[in-house]
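[1] Quick one: sequence plus predicted model below, questions after.
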Amino acid sequence: MFIDHEYIETLLNNAKNATISDIQEVLDKACRKEKLNHEDIAILLQIKDETLLSKMFKVAGDIKKDIYGNRIVIFAPLYISDYCVNNCVYCGYKKCNEFNRRRLTQEEIKNEVMVLEKMGHKRLALEAGEDPVNCDIDYITESIKTIYSTQNSNGAIRRINVNIAATTVENYRKLKKAEIGTYILFQETYHKPTYESMHPKCLKGNYEYHLTSFDRAMEAGIDDVGAGVLFGLAPYKFEVLALMIHNAHLEKEFGVGFHTISMPRLKKAEGMDLELFPNLVDDEDFKKIVAILRIAVPFTGLILSTRESAEMRKGAIEYGVTQVSAGSCTGVGGYKEHEEGTKDINQFSIEDGRSPLEILKAIVNHGHIPSYCTACYRSGRVGEKFMSIAKTGEIQNMCQPNAIMTFQEFIEDYGDAELREKGENLIKKELNNVKNEDIKNTLIKNLEKIKNGERDLFF
Ligand code: SF4
Ligand code: SF4
């Protein structure tokens, strides 16, 4: 198996002896955008010195700015079923928690999507518990069809990333056929003994099967896969190195690694006690994780959910994070219920409960452009093809104008006077940063078209 625990522990132990000049060398290498090896990443993970840490954050921030500019992609999760046959110790949906479980009918999914579209969302992460009977693959693919075909005035969901349990090549083929964006699966923890104790006597308890899911997904033709670790289960340094080794494995076998990495931190959930988890990650270490991942995999999107506070999200955007969720409900049917003022059980508790409009205003106040862009998948820029465009830097010519256009769409359809004023000023400023004159001219024309009612223009 490609995750070798002893190898990871040895890397971490050796890195404890790194000198200041060893560390500086790794940071210089990162500045030159050279690929870091596992030893280098282990060295970054062992930095304790405050001056070197601030240098590391500076390098991460520069990489972020250089590759992603000031854009930040917005998405929302959509929970469609909380039936689950597993007993993950940390999760509110675990089988032994008794509550009225439900899976949404297609009509209910349509209603949820209408609410999400009214919030301005274009990009969803579809979420469901694991239950081969109550939530089989055909239900998932039918739901995807429903979501793509639900439109609410100018609202439309243009990309559905799917976060469902590890499954077979045959089922992954069905997901591919349903035109999903990224297939997301969190390993939760790469530390096998911890993995097994966190998933007792259940389908998800098979470490190897879970770990090889992306191999099966890619074998089935899925181009983009999104990894994740639930930080707080096992020591975080181990997890970060294991994530990088997993990424390297996919690059070697399939020519492309993770499209995205999610970094949820363990939070309080129904029927679990946070005090029983000795490896919780504090804010300072969490910030280091974000910065190190940014440096280690510069072209992989980093996702932060509303599990994190507004303050943490604001900081993390500066030195690493490229995508954030907004206005999230983590309960099945939660969006409609929220709109109607009722409430149900959630998978975990959230910290950032602001509406997308509030979040967008905050993002704009910090000089960032919110982006609802979904162009790559729809233009066939996926998998290896995407990574090669990303690595040459050419993707900038698409991300930046697409961010501006989708933000203009949001302002027109869902913004208020305050967002319009601040947003349009920012767009004007941002136009000056578009270097390619042809792109700039087309962009200016497209912005006029959007103001006149055209939608879904992209590069
Ligand atoms: Fe089920 Fe997923 Fe929760 Fe585990 S984490 S109990 S698989 S919903
Ligand atoms: Fe993402 Fe592609 Fe849009 Fe850039 S152009 S924001 S990489 S979908």
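    Looks like it arrived, so ask away. In this text, all values refer to a predicted model and were calculated from it rather than measured experimentally. Ligands and ions are numbered 1, 2, ... in the order given.

[2] Looking at this structure, which strand is longest?
    Taking DSSP state E as the criterion, the chain has its longest strand at strand 71-81.

[3] What angle do strand 71-81 and the next helix or strand after it make with each other?
    Later in the chain than strand 71-81, the nearest helix or strand by DSSP states H and E is helix 106-118. Orientation note: helix 106-118 sits at an angle of 160 degrees relative to strand 71-81 (axes from the mean of the first three to the mean of the last three C-alpha atoms, to 10 degrees).

[4] Give me the mean pLDDT for helix 106-118.
    Average pLDDT, helix 106-118: 96.

[5] Now do the buried residues in it.
    Within helix 106-118, the residues that count as buried by 16 or more other C-beta atoms under 10 Å are 108-118. All C-beta spots, glycine's among them, are computed from the backbone N, C-alpha and C.

[6] same deal with stretch 138-155?
    By neighbour count on 16+ other C-beta under 10 Å, the buried set for stretch 138-155 is 139-141, 143-144, 146-148, 150, 155.

[7] now do stretch 301-321
    301-308, 312-321.

[8] same thing with stretch 52-63?
    Buried residues in stretch 52-63, counted by 16+ other C-beta under 10 Å: 52-53, 55-57, 59-61, 63.

[9] Closest to ligand 2 out of these?
    Ile63 (15.8 Å; C-beta to the nearest ligand atom).

[10] Contacts only, for the closest one.
    30, 33, 294-295, 298 (C-beta atoms under 8 Å, 6 or more residues apart in numbering).

[11] Just give me the least confident of these.
    The minimum pLDDT among those falls on Lys33, with 88.

[12] Counting neighbours, what do you get for that residue?
    By other C-beta atoms under 10 Å, 15 other residues sit near Lys33.

[13] burial measure for the residue lying closest to Ile80 once chain neighbours are set aside, as a count.
    Distances taken as C-beta to C-beta, 6 or more residues apart in numbering put Leu104 closest to Ile80, at 4.9 Å, once the chain neighbours are dropped. Neighbourhood size, Leu104 [other C-beta under 10 Å]: 22.

[14] How much space separates Leu104 from Gly155?
    Taking C-beta to C-beta, to the nearest Å as the criterion, Leu104 is separated from Gly155 by 18 Å.

[15] Return the residues of the chain in contact with ligand 1.
    Proximity of the chain to ligand 1 (C-beta under 6 Å from any ligand atom) is limited to residues 84, 86, 88, 91, 93-94, 129-130, 204.

[16] Among the buried residues of stretch 301-321, name the ones in helices.
    If you go by DSSP state H, the buried residues of stretch 301-321 have 312-319 in helices.

[17] ok, those vs Ser262, which is closest?
    Comparing these against Ser262 with C-beta to C-beta picks out Ala316 as the nearest, at 12.3 Å.

[18] could you list every residue that touches Leu36?
    Leu36 makes contact with 26, 29-30, 44, 295-296, according to C-beta under 8 Å, 6+ apart.

[19] could you redo the last one with a cut-off of 7 Å?
    Leu36 sits next to 26, 29-30, 295-296 when contact means C-beta atoms under 7 Å, 6 or more residues apart in numbering.
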